[in-house]
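1. Quick one: sequence plus predicted model below, questions after.
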Amino acid sequence: MHRSVLYQEIIHALRPRRNGYYVDATVGAGGHAWGILHASAPSGRLLGLDVDPQALELARQRLQEFGERAVLVRASYLALDQQLAELGWLFVDGILLDLGMSSMQVDSPKRGFSFLVEAPLDMRFDPDNLVRAADLVNGLSESELAEIIHRYGEERRARQVARAIIAARPIHTTLQLAQVVSGVLKLVSKGKNRPQQSIHPATRTFQALRIAVNRELDALQAVLPLCIRCLTPGGRLAVISFHSLEDRIVKQFFRRESQDCICPPRQPVCTCGHKASLKEISRRPISPQSAEVEQNPRARSARLRVAEKV
């Protein structure tokens with residue numbers, strides 16, 4: 001069973017209560033959703049969204065004890081306002097965005113997320129998505145691949161990796177790609193007499209391709225203002241991110257929306273007319289306790305930021 005990262009911290013942040021309305025916009029296997037429904041008993045309600053049908057089926061099994069209090073829909077969180085309108089929910093008291101992959105997605109060989117098992121180069125959260133990782137790996141130019149690997153994977157050797165991928169094409173499986181990337185990075189590291197990397201050499205490239213396939217950063221930038229519009233005053237938005245690119249987007253959005261004026265600092269008179277819509281609950285991200293990381297090593301990179309609508 002997938003372990004829900006920062007479980008207690010999420011319950012504390014969202015403060016579920018009876019008669020409250022909540023959204024788990026990335027419901028996954030339903031771990032956080034179960035906690036929210038349990039804490040908001042007997043009358044709190046929750047809408048769970050996910051584009052992954054396998055995850056949604058697990059969530060249905062896990063949340064069946066709550067009956068009609070749990071509404072699960074296969075949909076992107078970008079359709080949040082539409083889904084709320086269909087339910088007749090004008091505003092909600094709390095929204096959760098858990099941006100990480102679940103353990104079941106990583107460990108499922110057919111999904112193609114892991115560089116440790118042989119699988120098709122897929123990496124789609126939504127199986128209806130027309131773009132797979134194999135399409136990018138085998139269809140993009142060297143410069144396009146290098147840009148994706150550098151921007152989304154923050155890989156310093158993106159150009160060398162892209163060049164090696166182009167030379168090895170066609171590449172159709174995860175292990176093929178991992179071997180190509182590992183080969184070029186180990187060669188570079190050996191030539192520079194650098195210490196052995198603490199993470200697998202293919203980690204950043206796989207992350208970059210997954211983000212590109214699912215357009216994760218574009219979706220995150222679009223959903224944050226949507227979440228604020230759907231919250232009632234005093235409602236809270238909690239976002240769990242797993243790498244610096246996501247966390248930076250959330251941090252910058254929270255900081256900007258917690259200010260009344262976003263004019264340039266040297267401008268003597270405010271002309272933007274911007275009014276704060278949020279209050280940051282914590283200026284610094286919340287990280288998992290050492291005990292949680294010890295039990296679930298995949299939680300080590302999780303960062304939670306919480307904001308409240310004013």
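-> Perfect, thanks for sending it.

2. Need the three-state assignment for the residue of the chain most remote from its centre.
-> In the chain, counting by Cα atoms, centre = their mean, P268 sits farthest out from the average C-alpha position, at 38.7 Å. Following DSSP: H, G, I helix; E, B strand; the rest coil, the label given to P268 is coil.

3. Repeat that for L237.
-> Criterion first, three-state DSSP; result for L237: strand.

4. chain center to the helix or strand hosting E292: distance?
-> Assigned by DSSP states H and E, E292 belongs to helix 290-295. How far helix 290-295 lies from its chain's middle: 21 Å, per Cα atoms, centre = their mean, to the nearest Å.

5. Extract the C-alpha set from the helix or strand just after that helix and format it as CSV.
-> The helix or strand immediately downstream of helix 290-295 is strand 303-309, counting by DSSP H and E. Written as CSV, here are the backbone C-alpha positions of strand 303-309 (Å, rounded to 0.1, in the frame of the first residue of the first chain):
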residue,chain,number,x,y,z
ARG,A,303,8.1,19.6,0.9
LEU,A,304,4.8,20.9,2.1
ARG,A,305,3.6,24.6,1.8
VAL,A,306,0.3,25.8,3.1
ALA,A,307,-1.6,29.0,2.5
GLU,A,308,-5.0,30.4,3.6
LYS,A,309,-7.4,32.4,1.6
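
6. Please enumerate the strands of the stretch 51-200 of the chain.
-> 70-74, 92-98 (DSSP state E, counting those that start in this stretch).

7. Show the average pLDDT along the shortest one.
-> This means strand 70-74. Strand 70-74 shows a mean pLDDT of 98.

8. Ok, the last one next?
-> Mean pLDDT, strand 92-98: 98.

9. So in that sheet, which strands flank that strand, and in what orientation?
-> Using DSSP bridges, the strands paired with strand 92-98 are strand 21-24 (parallel), strand 231-241 (parallel).

10. after the longest one comes which helix or strand?
-> Beyond strand 231-241 on the C-terminal side, the first helix or strand identified by DSSP H and E is helix 244-257.

11. What are the buried residues along the helix or strand just after that next one?
-> Scanning forward in sequence from helix 244-257 by DSSP H and E, the next helix or strand is strand 278-280. For strand 278-280, the neighbour count (16 or more other Cβ atoms under 10 Å) marks L278 as buried. (C-beta placed from N, C-alpha, C; glycine too.)

12. which residues are contacting strand 278-280?
-> I228, L237, F254, R255, E257, S258, R305, V306, A307, E308, K309, V310 (Cβ atoms under 8 Å, 6 or more residues apart in numbering).

13. List the contacts of G44.
-> P16, R17, R18, N19, G20, Y21, Y22, I36, L37, R69.
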